[in-house]
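1. Quick one: sequence and predicted model below, then my questions.
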Amino acid sequence: MSKAESKLNWEDSEFPILCETCLGPNPYVRMTKERYGKECKICNRPFTVFRWNPGVGMRFKKTELCQTCAKIKNVCQTCVFDLEYGLPVQVRDTALNVTDDAPRSDVNRQYYMQQLDDKLEAGTIGHDQKGKASPAGRQLLKQLARTDPYYKRNRPHICSFYVRGECNRGNECPYRHELPEPESDLSKQNIQDRYHGTNDPVAKRILARASKAGHLNAPEDKTVTSLLLRGVEKDITEGDLRDYFYAFGEIKSIKVIHDKKCAFINYMTRAAAETAVDKALGNCIIKGNPLRINWCKPKPLGPRSEIAKEASKGEKPTAGQPPLPPGSEKIVYPSQGNATAIASQ
């Protein structure tokens with residue numbers, strides 16, 4: 001690097017700072033590198049631009065921020081989402097009570113970035129040292145965090161010629177042949193607002209959904225005594241769940257499905273299930289893994305159960321229904337609370 005470039009503090013890096021989603025599933029991804037190929041959209045300093053294709057059927061992506069700006073906020077250089085939780089900066093800063101005091105004017109911003117460069121080299125600054133992270137904030141982030149990559153975010157853009165009905169390339173067109181969704185607040189995103197954590201429509205939706213999730217309405221059917229747990233990792237066993245949830249009441253059965261990362265807990269009484277929801281909702285962490293709790297819905301019993309119900313009342317089956325076999329009136333069907341539970345969405 002020349003003396004003039006060193007004075008300007010331009011960035012010359014060998015590899016970008018990316019999240020798993022932007023990098024893609026291919027471990028042998030190829031990248032093109034262009035030194036000082038673009039100005040950072042935050043600090044306006046030239047930096048090394050990387051460009052690559054995350055995978056088959058995806059669009060080419062490139063870095064948008066310099067590494068100094070990315071390290072300050074601990075975000076991806078492309079999508080500007082937090083690297084640890086995979087969430088927008090506004091969601092993370094709200095949960096951790098972090099305030100953004102970066103200057104917006106050009107002169108002050110250049111001086112501010114130079115000071116932060118020195119601190120980053122000395123290792124005396126972190127992305128959340130400006131705020132006091134509470135345990136509740138950390139727990140909220142763990143519950144909202146995306147654990148798996150969201151490759152749908154790398155899809156090609158919609159073909160504008162297809163929208164106008166003029167695209168004649170067919171399957172060879174590298175863009176998506178879909179009609180755009182109606183215009184909403186998500187179509188007015190700004191990378192600077194996303195970076196500074198202000199007026200981010202994606203973050204607002206996540207925070208609104210999180211505030212509603214703090215309260216879970218119980219189903220009207222009082223026979224429902226089953227709960228659905230999501231986020232159950234492979235190291236969580238049935239015994240771990242029993243040890244945690246037995247304190248709220250007597251448990252009838254527990255079923256763990258590791259392939260779906262979920263589990264079903266069936267209590268003996270409705271009161272025990274309600275107590276478990278009140279005490280564990282938003283606070284259930286087992287072996288460092290936060291679990292999401294939901295009420296279950298009873299599985300539909302089917303038409304034969306309705307016939308049996310009518311027969312037990314002494315009513316005749318309605319027209320078009322086959323008669324019950326002899327002795328079927330004495331069949332005892334399981335209650336709805338014992339039926340296989342289906343998660344309420």
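-> Yep, it's here.
2. who touches stretch 273-288?
-> For stretch 273-288, the surrounding residues in contact (CB atoms under 8 Å, 6 or more residues apart in numbering) are 139-140, 142-143, 213-214, 216, 218, 224-227, 229, 233, 235-236, 240-241, 244-245, 248-249, 265, 267, 290-291, 293, 295. From N, CA and C alone the C-beta is placed, and that goes for glycine too.
3. Quick check: which helices or strands does the top strand by length along the chain pack against?
-> Longest strand in the chain by number of residues (criterion: DSSP state E): strand 31-39. If you count contacts as 3 or more CB pairs under 8 Å, 6 or more residues apart in numbering; DSSP states H and E, strand 31-39 packs onto strand 46-52.
4. Name the strands paired with the strand it packs on and say parallel or antiparallel.
-> Applying DSSP bridges to the sheet, strand 46-52 is found paired with strand 31-39 (antiparallel), strand 61-62 (antiparallel).
5. Mind listing what's buried along it?
-> Using 16 or more other CB atoms under 10 Å as the test for burial, strand 46-52 gives 46, 47, 48, 49, 50, 52.
6. what does that strand rub up against?
-> 8, 10-13, 15-16, 24, 29-40, 60-63, 65-67, 77.
7. Filter the residues you listed down to the buried ones.
-> Buried by 16+ other CB under 10 Å: 10-11, 13, 16, 24, 33, 40, 61-63, 65-67, 77, out of the contacts of strand 46-52.
8. from those, which ones fall inside strands?
-> Among the buried ones among the contacts of strand 46-52, the ones falling in strands (DSSP E) are 33, 61, 62.
9. Residue 203: which of the residues you listed is nearest?
-> Nearest to residue 203 among these: residue 61, at 21.2 Å, using CB to CB.
10. Just list the residues touching the closest one, thanks.
-> Neighbour list for residue 61: 22, 51, 52, 53, 54, 78, 154 [criterion: CB under 8 Å, 6+ apart].
11. please redo it, this time with the cut-off set to 10 Å
-> 18, 22-24, 31, 50-54, 78-79, 153-154 (CB atoms under 10 Å, 6 or more residues apart in numbering).
12. for residue 175, same thing?
-> Residue 175 sits next to 59, 155, 156, 157, 158, 159, 160, 161, 162, 167, 169 when contact means CB under 10 Å, 6+ apart.
13. which of these count as buried?
-> 159, 162.
14. So which of the contacts of residue 175 is the closest to residue 116?
-> residue 59 (31.8 Å).
15. The closest one contacts residue 157, correct?
-> Yes. Judged on CB atoms under 10 Å, residue 59 makes contact with residue 157 at a distance of 6.5 Å.
16. what residues are shared contacts of the two?
-> With CB under 10 Å, 6+ apart as the test, residue 59 and residue 157 both reach 174, 175, 176.
17. For the last one, grab phi and psi.
-> For residue 176, the backbone dihedrals (degrees, to the nearest 10) come out as phi -80, psi 130.
18. Residue 57 versus that one, what's the distance?
-> 10 Å (CB to CB, to the nearest Å).
19. Check residue 195 too.
-> Look at residue 195 and residue 57: by CB to CB, they are 28 Å apart.
20. CA-only coordinates of stretch 235-242, as CSV, when you get a sec.
-> Taking C-alpha atoms only, stretch 235-242 is exported to CSV below (Å, rounded to 0.1, in the frame of the first residue of the first chain):
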residue,chain,number,x,y,z
ASP,A,235,-28.7,-33.2,23.1
ILE,A,236,-32.0,-32.6,24.9
THR,A,237,-33.5,-35.9,26.0
GLU,A,238,-36.9,-36.9,27.4
GLY,A,239,-35.5,-37.0,30.9
ASP,A,240,-34.3,-33.3,30.5
LEU,A,241,-37.8,-32.2,29.6
ARG,A,242,-39.4,-34.3,32.3
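21. Pull out the buried positions in that stretch.
-> By 16+ other CB under 10 Å, the buried positions in stretch 235-242 come out as 236, 237, 240, 241.
22. before we move on, what about stretch 13-22?
-> In stretch 13-22, counting by 16+ other CB under 10 Å, buried: 13, 16, 17, 18, 19, 21, 22.
23. before we move on, back to that, please pick the buried ones from the contacts of stretch 273-288.
-> Among those, the ones that count as buried by 16+ other CB under 10 Å are 139-140, 142-143, 213, 216, 224-227, 229, 236, 240-241, 244-245, 248-249, 265, 267, 290-291, 293, 295.
24. picking that back up, among the strands paired with strand 46-52, which is nearest residue 109?
-> Of all the strands paired with strand 46-52, strand 31-39 sits nearest to residue 109, with 12.4 Å by CB to CB.
25. what does that closest one rub up against?
-> The contact list for strand 31-39, computed with CB under 10 Å, 6+ apart, reads 1, 5, 8, 10-16, 18, 23, 45-53, 60-66.
26. Kindly recompute the last result at 8 Å.
-> The contact list for strand 31-39, computed with CB under 8 Å, 6+ apart, reads 10, 11, 12, 16, 45, 46, 47, 48, 49, 50, 51, 52.
27. Great, nothing more from me.
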